[in-house]
Structure formats: structure tokens, C-alpha cells
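Peer 1: need a structure here:
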Amino acid sequence: QVRFEVSGGGSVQTGGSLRLSCRASGFNWSKFCLGWFRRPPKEGVAVASIDADGRATYGESVKGRFIISRDDAEHTIYLQMNNLQPEDTDIYYCAARNCAFEPWPYWGQGTQVTVAS
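Peer 2: Numbers count the residues shown, from 1 in each chain. Next up, the predicted model:
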């Protein structure tokens with residue numbers, strides 16, 4: 001059974017930072033890509049993703065501000081969010097997929113990020 005433990009959301013002022021964490025289990029970590037999305041899964045907008053080799057991909061709006069990383073020993077991914085802006089306010093979700101297949105079938109619970117202007 002795939003399980004996620006998501007933490008790290010909160011409220012910050014414009015220009016502030018937050019770090020999201022997502023610990024995942026129940027699948028072959030070495031073959032899976034993981035990512036962070038905004039809004040509910042059906043409307044998911046990719047923020048950042050990282051493949052099994054650690055290669056990262058970012059959405060245009062977060063390039064240069066957010067950093068995704070993975071700790072394979074801890075089965076955890078992180079999203080370091082820097083220089084946060086009010087438009088970053090949203091619910092952020094952790095997701096996982098087998099890197100060989102495009103859909104993202106596994107979703108964790110959301111965590112709220114609020115950036116005050």
C-alpha cells in the first residue's frame with residue numbers, strides 16, 4: 001500500500017521561505033519519479049518533479065526559486081521554496097509514479113502554503 005507523510009506547509013510573508021517534506025513508502029523507490037503539484041490531483045499543476053536518477057524539472061513560475069531534492073535513504077523528497085510570492089499560495093500535493101509511465105497514480109494529502117503580501 002502506497003503511503004505518504006507530507007509536512008512543512010504554513011504561512012509566510014512575501015519573500016519568505018518554506019520547506020515541504022514528503023516521505024513515501026509502498027513502492028519501488030529506485031524506479032519511481034516523485035513530484036510536487038498545486039491544487040487537487042484532477043487539476044494538478046506540476047511545480048517540480050525529480051526522477052529516479054535525481055534529475056529535476058521545474059515549472060516556469062518557480063524556476064530559480066524552488067529546489068526539489070530526494071533523500072533515497074529516507075524515502076523522502078523535499079521542496080525548498082524561496083522568495084515566496086502571494087501567487088504561490090495554494091495547496092501543494094506530493095505525487096509518485098513509475099518513471100516508465102506518464103500518469104501520476106499515487107497522491108499524498110495536501111499541505112497549505114499561504115504567502116501574505
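Peer 1: hmm, Leu84 is touching Thr14, no?
Peer 2: Yes - using Cβ atoms under 8 Å, Leu84 makes contact with Thr14 at a distance of 6.8 Å. Placement of C-beta: from N, CA and C, glycine included.
Peer 1: which residues touch the lowest-mean-pLDDT helix or strand in the chain?
Peer 2: When each helix and strand of the chain is scored by mean pLDDT, DSSP states H and E, strand 45-50 comes last, with a mean of 90. Contacts of strand 45-50 with the rest of the structure, by Cβ atoms under 8 Å, 6 or more residues apart in numbering, involve 33-39, 56-59, 62, 66-70, 77, 79, 92.
Peer 1: and these, which of them are buried?
Peer 2: For these, a neighbour count by 16 or more other Cβ atoms under 10 Å gives the buried set as 33-38, 58, 62, 66, 68, 70, 77, 79, 92.
Peer 1: break down this structure into its strands, ranges please.
Peer 2: Taking DSSP state E as the test, the strands found in the chain are 3-7, 10-13, 18-25, 32-38, 45-50, 56-58, 66-71, 76-81, 90-98, 106-116.
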